[in-house]
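**Q** Would you be able to build a 3D model of this:
(4 chains)
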Protein chains: 2
Amino acid sequence: MADAAGVSRGTVSRVLNGKANVSLSAETAVRRAVAETGYVVNRAARSLVTSRTGSIVMVLSEPQERLFEDPNFSVLMRVATNQLADRDMSLVLMIAGDDGGRDRVARYLRGGHADGALLISTHAGDPLLDEIERAGLPAVAQGAVLGRESVIPYAAADERGGARAMAEYLVDQGRRKIGMITGPLDTPGGSLRLEGFTSVLGRKAGKQMIVHGDYTQAGGESAMRKLLQNVPDLDAVFVASDLMAAGALQALHAAGRRVPEDVAVGGFDDSAIASATRPALTTVRQPLAKVAEETVRLLIALLEDEEVEPVVLPTELIIRDSA
Amino acid sequence: MADAAGVSRGTVSRVLNGKANVSLSAETAVRRAVAETGYVVNRAARSLVTSRTGSIVMVLSEPQERLFEDPNFSVLMRVATNQLADRDMSLVLMIAGDDGGRDRVARYLRGGHADGALLISTHAGDPLLDEIERAGLPAVAQGAVLGRESVIPYAAADERGGARAMAEYLVDQGRRKIGMITGPLDTPGGSLRLEGFTSVLGRKAGKQMIVHGDYTQAGGESAMRKLLQNVPDLDAVFVASDLMAAGALQALHAAGRRVPEDVAVGGFDDSAIASATRPALTTVRQPLAKVAEETVRLLIALLEDEEVEPVVLPTELIIRDSA
DNA sequence: GTGAAAGCGCTAACAT
DNA sequence: ATGTTAGCGCTTTCAC
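**A** Next comes the predicted model:
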């Protein structure tokens, strides 16, 4: 390569890395040679000397079943690959759904195989978090990591605000007995949406009005059954995800309740399923693509040693037929 | 590391790579030292000398909108990361949705940055295919790549058979005017499901009975409208994906047709949405996880220079309420 | 069975 | 502004 351009290896390297102190003629010669020979740098060799890998890991901390269904995640993936590709970095995917997976990810990170980590739906108390902190690896999360909000920067939708908007809407519609089906409380979507809900309902959000789900459709269905059992005269329910809401609709249908006449149902996410259910779901739209973009932007900033602050983006109430 | 174990670097390498000619005592010493020092091999250095990268690329050739909604894809991803992680390989994700993306992937492959490629929903005639062939890179596809069935091994569901089963079922139910909404014809799901359908309906599958969709819900909805316009007395429709079928249900509802009384609707995939629609979809279940497993198994076999044959797995008719 | 040593392709420090 | 050179950490001959 250096021969083909008639310059030294050092100069080739300088051109390829955009370093200063290269004459125009040398640069032209190198670029021409690169084009002619189809030369591509060997990343392994570069990585060996720079000790940067040019790749970042996307860590999915999710029990298997959710991965099948989560819409957020594919958006983030798309945005992340695109945005990283622009900087010639690549995205490595790892799943830390169980101990074995977490171990693998930890080994991988410890091995210095990645320059940074993108944390997806990491639960509070995940041992991986200590590992990352100890390794001093730049990391950002999509959605706040509960309890680590100040150490791990994140971008997220305004979970609390979105939930509050939905709760207020249901109240404004004249609903009096409003229940909630939450997500797992160790996820921000689980606890923050609940917080938003109770901040509006106050003491009316009694213990028997709240049932915890697991973000699956089947989970939403059984949670709804339980809620109906707890509170037979329920007239509205706020479900923390559209998928669970779809399950809740089925349970309500099976119980002979009309939606929205007898029971109003509010979802969260505005995922594809929201407009497919019957009745179509009134829900809270999350600006997923924007959240994903911001998440990646934060990581890139971190890699360049810039200061970063968490980003919280506004949600939007989408009114359809279920409430 | 070599010092810590009291042996030479060469011996350490032999132990770590499971090579022969290592005494038990040396092996024990090395393993102990590894455990004590927390040593992890430097992949870049290894890669530099072996010229294997230890990673494989998953190439998603999909216009952006589908990625949001495709269920197959996350299953494959999960299976692939797990299965590759078992062999200490990592999965790099690339999206080749447009020319820019394709270029990036091509550059990446040409640069020898991956040991193999996992092709997802690659369309017939994708220029990337030539690139891969030229580079001699081991590659397998999920779903047949139309026109390259014999050069690119693949694992897939029996698209044709599944479609045939659905068509036969609709006929057996006494339906006479059966339409179809297909996927894009340059995808195996598009053309093979159509083939299965016409193989049963024969000349009854006239041109105006077939409308092409794009696998999106909105596309299914508009395709259904068009179909109703073409054939007002339609009494059944086979839709090539559940998501499009959800759209079709909405169009039918809007047109005042009852499902299944007036029009029977059959879907394909048995994805999460199939049981969420009302009425719940009668559909064709694809063994996604199995397909994903087989796809990865094929690639691994290929990496080890074994002979591989395409794998086609049986589908199953799932009868619910829509037909 | 094991050590010594060459070298993978690159970057960065040092000369010039 | 550019060439020269010393490694980066590993695997792999080649001796022994």
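**Q** Can you identify each of the helices in the stretch 51-200 of chain A by residue range?
**A** Secondary structure of the stretch 51-200 of chain A by DSSP state H, counting those that start in this stretch: the helices cover A:64-67, A:71-85, A:99-110, A:127-135, A:159-172, A:188-201.
**Q** Please name the residues that touch the closest residue to A:L194 other than its chain neighbours.
**A** Counting by CB to CB, 6 or more residues apart in numbering or on different chains, A:L194 lies nearest to A:T182, which is 4.8 Å off, once chain neighbours are set aside. Placement of C-beta: from N, CA and C, glycine included. Neighbouring residues of A:T182 by CB atoms under 8 Å, 6 or more residues apart in numbering or on different chains: A:G190, A:S191, A:R193, A:L194, A:I210, A:V211, A:H212, A:G213, A:A240.
**Q** any chance of these in TSV, plus neighbour count and distance to A:Q173?
**A** As requested, the contacts of A:T182 are exported to TSV (neighbours: other CB atoms under 10 Å in any protein chain shown; distance: CB to CB, whole Å):
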residue	neighbour count	distance to A:Q173
A:G190	23	25
A:S191	20	25
A:R193	27	19
A:L194	23	20
A:I210	19	20
A:V211	25	21
A:H212	16	25
A:G213	29	23
A:A240	33	19
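**Q** so what's the residue most central in space within chain A closest to, chain neighbours aside?
**A** Closest residue to the average C-alpha location of chain A: A:Q142 at 4.0 Å, with CA atoms, centre = their mean. Spatial nearest neighbour of A:Q142, excluding adjacent residues (CB to CB, 6+ apart): A:T295 at 4.6 Å.
**Q** and for the helix or strand containing the one you found, what are the contacting residues?
**A** Assessed by DSSP states H and E, A:T295 sits inside helix A:288-303. By CB under 8 Å, 6+ apart, the surrounding residues in contact with helix A:288-303 are A:56, A:71-72, A:75-76, A:78-80, A:83-84, A:87, A:115-116, A:118, A:138-143, A:153-157, A:307-308, A:311, A:313.
**Q** Can you select the buried ones among those for me in ChimeraX?
**A** Of these, the buried ones can be selected in ChimeraX as follows, counting by 16 or more other CB atoms under 10 Å in any protein chain shown:
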select /A:56,71,72,75,76,78,79,80,83,84,115,116,118,138,139,140,141,142,143,153,154,155,156,157,308,311,313
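**Q** all strands for chain A, in order.
**A** Ranges of strands within chain A are A:55-60, A:90-95, A:116-120, A:139-142, A:154-157, A:178-182, A:210-212, A:236-239, A:264-266, A:283-285, A:311-313, A:316-318, based on DSSP state E.
**Q** between those strands, which one is nearest to B:R164?
**A** Among the strands of chain A, the nearest to B:R164 by CB to CB is strand A:90-95 (35.8 Å).
**Q** which outside residues touch the closest one?
**A** Contacting residues not belonging to strand A:90-95 are listed as A:54-60, A:62, A:67, A:77, A:80-81, A:84, A:101, A:104-105, A:108, A:113-114, A:118, B:55, B:58, B:77-78, B:81-82, B:85, B:90-94, B:108, B:113 [CB under 8 Å, 6+ apart].
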